[in-house]
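Engineer: please work out how this folds:
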Amino acid sequence: MKNLIVLAVAAMLCAACKDNHDGKYVTKVSSQYSIAEDTIILNGDLIIKRIGYHKIINDSVLPKHFSIKSWHVGDFEAPVIQFGSRQITINGTIYKKIEP
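Structural biologist: As a prediction, the model looks like this:
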């Protein structure tokens, strides 16, 4: 059953990738506790997510921290990406395309 789900997700992603969606996508999210800037890089079957964020404690913005995650299309842990016109959506977050 697990293999069937992985194959179904991979098939959906491959069907969505008929158009070339390679490039960089960005979003910025802020709250009273943090300011985050996320970048998604799509390159073939590789998905890279770069996150830079500032924690906010007692109205003071702390130094920026970074993290990087990467997946291949079809990986069980890879995020589900919805493709739009010059944007993608991952878990309800909209990323705008900045580079082809």
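
Engineer: is the residue positioned nearest the centre of the chain bridged to anything, and to what?
Structural biologist: Central residue of the chain (Cα atoms, centre = their mean): I40, 4.4 Å from the mean position. As for beta bridges, I40 partners with Y25, K49 under DSSP bridges.

Engineer: surely it and N91 touch.
Structural biologist: No: taking contacts as Cβ atoms under 8 Å, I40 lies outside contact range of N91: 11.5 Å. Yep, even glycine has a C-beta here, placed from its N, CA and C like the rest.

Engineer: contact partners for the residue nearest to the centre of the chain?
Structural biologist: Counting by Cβ atoms under 8 Å, 6 or more residues apart in numbering, I40 touches K24, Y25, V26, I47, I48, K49, I88, I90, Y95.

Engineer: pLDDT weak spots in this structure?
Structural biologist: Scanning the chain for pLDDT under 70 picks out 1-19.

Engineer: now the helices: where do they sit in it?
Structural biologist: Remark: helices assigned in the chain by DSSP state H are 2-16.

Engineer: look up how far S30 lies from the residue located most distally from the centre of it.
Structural biologist: The centre of the chain is farthest from one residue, N58, which by Cα atoms, centre = their mean lies 29.6 Å away. Distance, N58 to S30, using Cβ to Cβ, to the nearest Å: 17 Å.
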